[in-house]
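1. sequence below, structure please.
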Amino acid sequence: MEKIIWDIEKNEKLIMERNISFEENTISITRGHEMSKRYDLTDEEKKIEGEIETFKSVTGEKRKKVESILTSAKKNKAISLRIANYDLEKLKERAEKEGLPYQTLITTVLHKYITNQLFERDEIIRSIRLLKEEQAI
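-> Next up, the predicted model:
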């Protein structure tokens with residue numbers, strides 16, 4: 001399957017291909033005729049690909065609500081941030097280990113924090129101890 005997308009920022013055509021085989025599921029993004037990136041699908045993505053025919057379309061109010069959520073989630077705002085050199089260097093090192101741009105790591109951590117998905121190490125250890133104590137009773 002091939003889908004052509006226009007990259008407005010770079011003013012060029014992107015050709016997206018979905019190559020599916022039993023041995024390997026991959027998504028390839030091609031700029032013109034040169035291959036720029038190739039992504040291996042995760043097990044979860046492979047499962048979604050396999051079950052795509054069972055999904056049902058969402059219509060009416062539910063669709064509008066989902067589209068509204070997606071639209072607001074896509075909106076990004078550029079900000080300026082002062083950060084200590086040491087912290088920035090450590091962020092860049094961590095981002096490199098994770099294989100992410102450091103700005104993406106920052107936004108990911110901030111998102112996890114505001115959605116209560118980021119936990120302190122001590123809090124997790126305390127919770128595990130409490131659970132162990134409850135099971136020992």
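2. ranges for the helices of this structure?
-> Using DSSP state H, the helices of the chain run over residues 43-50, 60-74, 85-98, 102-114, 121-136.
3. mean neighbour count added to the ones you listed, as a markdown table?
-> In short, each C-beta sits where N, CA and C put it, glycine included. Shown next, in a markdown table, are those (neighbours: other C-beta atoms under 10 Å):
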| stretch | mean neighbour count |
| --- | --- |
| helix 43-50 | 11 |
| helix 60-74 | 9 |
| helix 85-98 | 12 |
| helix 102-114 | 13 |
| helix 121-136 | 9 |
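4. make TSV from those and add mean pLDDT to it.
-> Conversion of those to TSV gives the following (pLDDT from 0 to 100):
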stretch	mean pLDDT
helix 43-50	83
helix 60-74	83
helix 85-98	94
helix 102-114	90
helix 121-136	85
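5. how far away is the residue positioned nearest the centre of the chain from residue 98?
-> With distances taken as C-alpha atoms, centre = their mean, residue 108 lies nearest the centre of the chain, 8.7 Å away. Distance of residue 108 to residue 98, computed by C-beta to C-beta, to the nearest Å: 9 Å.
6. related to what we said a few turns ago, residues contacting the residue nearest to the centre of the chain?
-> The contact partners of residue 108, taken as C-beta atoms under 8 Å, 6 or more residues apart in numbering, are residue 100.
7. name the surrounding residues that touch stretch 74-84.
-> By C-beta under 8 Å, 6+ apart, the residues outside stretch 74-84 that reach it are residue 91.
8. can we see that at 6 Å?
-> Under the contact criterion C-beta atoms under 6 Å, 6 or more residues apart in numbering, stretch 74-84 has no outside partners.
9. put the alpha carbons of it into CSV.
-> C-alpha atoms of stretch 74-84 as CSV (Å, rounded to 0.1, in the frame of the first residue of the first chain):
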residue,chain,number,x,y,z
LYS,A,74,-1.8,17.8,18.2
LYS,A,75,-1.5,21.5,19.1
ASN,A,76,1.9,22.3,20.3
LYS,A,77,3.1,25.6,21.8
ALA,A,78,6.7,26.7,21.6
ILE,A,79,8.1,27.9,24.9
SER,A,80,11.5,29.1,26.2
LEU,A,81,12.9,27.4,29.2
ARG,A,82,15.9,28.1,31.4
ILE,A,83,17.7,25.0,32.6
ALA,A,84,21.0,24.3,34.4
